[in-house]
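Colleague: What follows is a predicted protein model with its sequence.
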Amino acid sequence: MNIVFIGAGYVGGPTITVMASKCPEIQFTCVDINQDRINAWNSKELPIYEPGLDDLVKKNRNKNLFFSTNVEEAVKNGDIIFVSVNTPTKTFGKGAGYAANLEYWEKTARMILDVSTSNKIIVEKSTLPVKTADAMARILNSDKAKYHFDILSNPEFLAEGTAINDLLHPDRVLIGSFENENGIKARQKLVELYQNWVPKEKILTTNIWSSELSKLTANAFLAQRISSINAISALCEETDANIEEVSKAIGMDTRIGNKFLKASVGFGGSCFKKDILNLAYLSRHYGLTEVADYWESVVNINEYQKERLVDRMLNNMFRTLSGKKICILGFAFKANTSDTRESPAISITKKLLEERAEISISDPKAIENAKKDLADLEGKISFTEDPYEASKGAHSLLILTEWDIYKDLDYQKIYDHMEKPAFLFDGRSIIDRQKCYDIGFNVFTIGTSSLKHFD
Ligand code: UDX
Ligand code: ADP
């Protein structure tokens, strides 16, 4: 059997690698139109950083795992085609800023139709709005089609930074199909593939629309928890309540659960905002204004949380940041990834530059992406991987990613080479507040009252 992934990104690359490691008798080919990306997948320096990925790629590459730009050839020979191309938010026309741009998806569908010389199973892996499979089925099974195509929805729930573990030990695998004879047969084939390493009881089959909507809903619920706790963090900062104590207290209620209750500078990543706006767009399309407004408020709180942090800096740093050096520790949208898509660090850097601050950025893995994200901005920005170098002469530290290395920095050494009074804003609550305050920092963490050496 030949399995093909179209799109060698953060989803396609790790997913095909784990599948290849678990199914040695199947040949896997990952194709992409981006030559540089494919070259990187075939080299020592993979295009994405993900713990555990390097080893797994090395073990399987050129055995039963291949990376190629020969999209059409691979698709022609494939029995199961997973489509994991990107589905960015539309930037033009109807639904701009909300709806998914399905241009790439449709092109992919037409290409599959043109090059195929056998029946195939086509699997949606990217997050797409509900009913995309319907459109896909109509294109693929049009009058022009000489072969039969079964469309399945198999959303991926991996989180970056823990992708390999999430793929090896998923909470569940979801497979949606049309509920006719062919659809159910195709779905069974995919179930058998996953059964190579996933326990049967964790493989859930549904109708195709439930599967598509479940992915949007899972991301909306996860993001909603973060916005809920972040909204409460604003209240904690005004009172003597402490958000970590509140999180712990509510998380011990088994109905609520203790995960995804970490107050932060706000969520980032390629999925949450995009999927919620998509859900809102869909809801509006069906005339469900209240439903759309409800979910959109999750994104609004996330924007507010980032603005609040910059306001807190301004208010406490004598109402001006102009000409002051701010050292940002962490640019990735979360720890253990090089990915910076929708990272809170991007919009916060923009806001700080508008205040004419001087920005020094440090990150162990995301500096290259940060440079691309900020390429068009005017103002003083420097990039230095070493946090000690980056913070020399800074007025303030600003922690935006919870990298482990930032927990154990020598904050005394950093304090000694900073301007005074020295400020520390921790957007991830990872530092020892009292210790940093005792060193001399004015300390501000999310969801706690400030520790200041002045009134
Ligand atoms: C998310 C979903 O978790 C995953 O199931 C889906 O497939 C893709 O989208 P990802 O964006 O990779 O995964 O990372 P995730 O761990 O969900 O974190 C998203 C953002 O939320 C990060 O910026 C993270 O720092 C933030 N976050 C997460 C919080 O601020 N607080 C939390 O308690 C958890
Ligand atoms: P994700 O996080 O969803 O994996 P990425 O942007 O990391 O998103 O990856 C998507 C990949 O899909 C990119 O490498 C892009 O070049 C690739 N891609 C987009 N359109 C096509 C296409 N028509 N054929 C092959 N690859 C494509």
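Modeller: Noted; the coordinates are in hand. Ligands and ions are numbered 1, 2, ... in the order given.
Colleague: So which bits of the chain are right by ligand 2?
Modeller: Contacts of the chain with ligand 2, taken as CB under 6 Å from any ligand atom, map to 6-12, 31-34, 37, 71, 84-86, 104, 107-108, 126, 270. Bear in mind the C-beta positions are built from the backbone N, C-alpha and C, glycine included.
Colleague: which residue sits closest to the residue in the stretch 301-450 of the chain positioned nearest to ligand 1 in space, ignoring its chain neighbours?
Modeller: In the stretch 301-450 of the chain, the residue that lies nearest ligand 1 is residue 334 (3.8 Å; CB to the nearest ligand atom). Once flanking residues are discounted, residue 334 sits nearest to residue 161: 5.7 Å by CB to CB, 6 or more residues apart in numbering.
Colleague: Make sure I have this right: that neighbour is in a helix.
Modeller: No - looking at residue 161 with DSSP: H, G, I helix; E, B strand; the rest coil, it is coil, so not inside a helix.
Colleague: Would you agree it is in contact with residue 333?
Modeller: No - Residue 161 sits out of contact with residue 333 when judged by CB atoms under 8 Å, with a separation of 9.5 Å.
Colleague: These two - which one has more neighbours?
Modeller: With neighbours defined as other CB atoms under 10 Å, residue 161 and residue 333 compare such that residue 333 has more, 26 against 20.
Colleague: does the more buried one really touch residue 343, like I thought?
Modeller: Yes - using CB under 8 Å, residue 333 is in contact with residue 343, at 3.9 Å.
Colleague: re the thing from before, can you turn the buried part of the residues of the chain next to ligand 2 into a PyMOL selection?
Modeller: Those of the residues of the chain next to ligand 2 that count as buried under 16 or more other CB atoms under 10 Å are selected in PyMOL with:
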select buried, resi 6+7+8+9+10+11+12+31+32+37+71+84+85+86+104+108+126+270
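Colleague: can you tell me which of the residues of the chain next to ligand 2 are in strands?
Modeller: Using DSSP state E, the members of the residues of the chain next to ligand 2 that fall in strands are 6, 31.
Colleague: Tell me which residue is most central in this protein.
Modeller: In the chain, the centroid-proximal residue (CA atoms, centre = their mean) is residue 269; its distance is 3.0 Å.
Colleague: anything in contact with each of residue 333 and residue 343?
Modeller: 268, 269, 401 (CB atoms under 8 Å, 6 or more residues apart in numbering).
Colleague: give the contact list for residue 372.
Modeller: Contacts for residue 372 (CB under 8 Å, 6+ apart) come out as none.
Colleague: From ligand 2, how far out is it?
Modeller: Residue 372 is 13 Å from ligand 2, where distance means CB to the nearest ligand atom, to the nearest Å.
Colleague: again, but for residue 250
Modeller: Residue 250 is 32 Å from ligand 2, by CB to the nearest ligand atom.
Colleague: same thing with residue 140?
Modeller: Counting by CB to the nearest ligand atom, the gap from residue 140 to ligand 2 is 15 Å.
Colleague: What is the neighbour count of that residue?
Modeller: Residues near residue 140, counting by other CB under 10 Å: 21.
Colleague: what does residue 363 give?
Modeller: 27.
Colleague: Who are the contact partners of it?
Modeller: 329, 330, 331, 332, 370, 385, 401, 403.
Colleague: let's go with 7 Å and repeat that
Modeller: 330, 331, 332, 370, 401 (CB atoms under 7 Å, 6 or more residues apart in numbering).
Colleague: quick one: which of those is nearest to residue 262?
Modeller: Ranked by distance to residue 262 (CB to CB), these are led by residue 401 at 12.8 Å.
Colleague: how about the residue of the stretch 301-450 of the chain closest to ligand 1, secondary structure?
Modeller: At residue 334, secondary structure determined by three-state DSSP is coil.
Colleague: Check the burial of it by counting its neighbours.
Modeller: Around residue 334 there are 21 residues (other CB under 10 Å).
Colleague: do you know how far it is from residue 354?
Modeller: 25 Å (CB to CB, to the nearest Å).
Colleague: cool, and residue 29?
Modeller: Taking CB to CB, one finds residue 29 at 47 Å from residue 354.
Colleague: between these two, who's got more neighbours?
Modeller: residue 29 (23 against 12).
Colleague: and that one, that's in a strand?
Modeller: Yes - Residue 29 forms part of a strand when assessed by three-state DSSP.
Colleague: check contacts around it.
Modeller: Under the criterion of CB under 7 Å, 6+ apart, the contact list for residue 29 reads 2, 4, 66, 68, 74.
Colleague: List the ones among those that fall in helices.
Modeller: With helices taken from DSSP state H, the overlap with the contacts of residue 29 comprises residue 74.
Colleague: Name the nearest of the contacts of residue 29 relative to residue 219.
Modeller: Using CB to CB, the contacts of residue 29 come closest to residue 219 at residue 4, 25.9 Å.
Colleague: The closest one - nearest residue in space that isn't next to it in sequence?
Modeller: residue 78 is the one closest to residue 4 (CB to CB, 6+ apart), at 3.6 Å.
Colleague: Can you tell me the SS state at residue 346?
Modeller: helix.
Colleague: That one and residue 375 touch, don't they?
Modeller: No - shown here, residue 346 and residue 375 do not form a contact pair, counting by CB atoms under 7 Å, at 11.5 Å.
Colleague: So which of the two has more stuff around it?
Modeller: Neighbours were counted for residue 346 and for residue 375 using other CB under 10 Å; residue 346 has more, 21 against 8.
Colleague: Get me the contact residues on the stretch 101-250 of the chain for ligand 1.
Modeller: Counting by CB under 6 Å from any ligand atom, the stretch 101-250 of the chain sits next to ligand 1 at 156, 157, 158, 159, 160, 219, 222, 226.
Colleague: Drop anything exposed from the residues you listed.
Modeller: Applying 16+ other CB under 10 Å to those flags 156, 157, 158, 160, 219, 222, 226 as buried.
Colleague: just to revisit the earlier point, just put the contacts of residue 363 in JSON lines and tack on neighbour count.
Modeller: Putting the contacts of residue 363 into JSON lines (neighbours: other CB atoms under 10 Å) gives the following:
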{"residue": "330", "neighbour count": "30"}
{"residue": "331", "neighbour count": "28"}
{"residue": "332", "neighbour count": "29"}
{"residue": "370", "neighbour count": "24"}
{"residue": "401", "neighbour count": "30"}
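Colleague: Need the per-residue pLDDT for the nearest residue to residue 240 once chain neighbours are set aside.
Modeller: Distance criterion CB to CB, 6+ apart; nearest residue to residue 240, sequence neighbours excluded, is residue 449 at 6.1 Å. pLDDT recorded at residue 449 is 94.
Colleague: count of residues packed around residue 449?
Modeller: Applying other CB under 10 Å, I find that residue 449 has 14 neighbouring residues.
Colleague: distance of it from residue 364?
Modeller: As defined by CB to CB, residue 449 lies at a distance of 31 Å from residue 364.
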